[in-house]
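Engineer: Dropping a prediction and its sequence here:
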Amino acid sequence: MKTVILVDSSSDLPRNFIEDNNLPHVGLICNLDQENHIDDFGKTLTYKHFYKRLREGAMPTTSQVNIFTFEEIFRKHVLNKEAVIYLAFDSAISGTYNSAVIARQHILEEIPEADITVIDTRCASIGEGLIVYKANEMLKNNASKEEIVNWVEDNKFNVRHFFVVEDLQHLRRGGRVSATKAAVGTLLNVKPMLHVNKAGELINIASIRGRKKAIKALVENFDKNMNDKSLDVIGISHGDCLEDAVFLQGLLEEKYEFKEVLINHVGPVIASHTGAGMLALCFIGKEREE
């Protein structure tokens, strides 16, 4: 039975990667200017337009993929005699994983022989993208479904996410910082650094004055948390600040040689909560803290 890997738009992978590898995908929803957009890796709602509106003061909202959408996708692949691995957006951040679990159960009631595995990656943005990248690589090298599922479960807590945020007002709106801290931080040019812990939660781990120092701190966190697997592939996602992403890549490549570096925009679903200027470094390294 052929295996397909289903991905969601919160993996923030480059659209050409999704298209070149013919990966079925499902998009979360971004409501911008009173209009719902299905996030399709920048094809319909372009990154250029989205970030332009963010910088003009737009405050978009987001919503998860619903159960019915997952049922349709699962049913299509099952009826096509395909086994499905869905690599889901972190359940601590989104309800999308739970929607997929319910949809899977509905399909199994309808088609008991359906082969559907739903995995909570506990990852987000290009960190989730790294899981997809490695799983797809295994699939192309003829790994079995069981081998891919086992690899993901064994390695997902080794995917490290470190990111700095430029616009504190979006964190304030999401309850990550208080209004007072957001105002003072903006005045003092303070850049919060966050990571994703083992539970998949976003945790503020530092406050750094100045953009360049914050970017260099991302490199320092790579140094502390990397291992041999880290040199295979890393991911850098950016909130429409490509120059900073390239600068970060350059700092890393002064010290390390990587087989591949994935760079892409932070998509509208995650960027709605982090704002323009967010810069994330993700890699497979030492196991996360609790």
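Structural biologist: Looks like it came in fine.

Engineer: Contact partners for residue 161?
Structural biologist: By CB atoms under 8 Å, 6 or more residues apart in numbering, residue 161 lies in contact with 123, 124, 125, 127, 195, 196, 280, 281, 282. Yep, even glycine has a C-beta here, placed from its N, CA and C like the rest.

Engineer: Tell me the one of the residues you listed nearest residue 74?
Structural biologist: Closest approach to residue 74 among the contacts of residue 161 (CB to CB): residue 123, at 21.3 Å.

Engineer: neighbours around the closest one, how many?
Structural biologist: Per other CB atoms under 10 Å, the neighbour tally for residue 123 reads 28.

Engineer: Okay, residue 54 and residue 232: tell me how far apart.
Structural biologist: 33 Å (CB to CB, to the nearest Å).

Engineer: And for residue 74?
Structural biologist: 31 Å.

Engineer: Residue 98 too?
Structural biologist: For residue 98, the distance to residue 232 - CB to CB - is 31 Å.

Engineer: likewise residue 205?
Structural biologist: Per CB to CB, residue 205 is found 25 Å from residue 232.

Engineer: what do you get for residue 120?
Structural biologist: Separation of residue 120 from residue 232 (CB to CB): 23 Å.

Engineer: neighbour count winner among the two?
Structural biologist: Each of residue 120 and residue 232 has its neighbours counted (other CB under 10 Å); residue 120 has more, 21 against 15.

Engineer: Who does the more buried one form a beta bridge with?
Structural biologist: Bridge pairing for residue 120 (DSSP bridges) gives the partners residue 88.

Engineer: Contact partners for it?
Structural biologist: Neighbouring residues of residue 120 by CB under 8 Å, 6+ apart: 88, 90, 91, 97, 200.

Engineer: of these, buried ones?
Structural biologist: The neighbour count (16 or more other CB atoms under 10 Å) marks 88, 90, 91, 97, 200 as buried among the contacts of residue 120.

Engineer: need those residues in CSV with pLDDT, can you?
Structural biologist: CSV is the format used below for the buried ones among the contacts of residue 120 (pLDDT from 0 to 100):
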residue, pLDDT
88, 97
90, 96
91, 96
97, 97
200, 93
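
Engineer: now residue 234, which residues is it bridged with?
Structural biologist: Beta-bridge partners for residue 234, by DSSP bridges, are residue 261, residue 283.

Engineer: For it, give its distance to residue 106.
Structural biologist: 38 Å.

Engineer: ok, now residue 221?
Structural biologist: Distance from residue 221 to residue 106, by CB to CB: 41 Å.

Engineer: More neighbours: which of those two?
Structural biologist: Higher neighbour count among residue 221 and residue 106: residue 221, with 20 against 15, using other CB under 10 Å.

Engineer: so which strand or helix has that one?
Structural biologist: Residue 221 belongs to helix 211-225 when assigned by DSSP states H and E.

Engineer: Work out the gap between that helix and the centre of the chain.
Structural biologist: For helix 211-225, the separation from the chain centroid amounts to 19 Å (computed by CA atoms, centre = their mean, to the nearest Å).

Engineer: average pLDDT across it?
Structural biologist: Average pLDDT, helix 211-225: 96.
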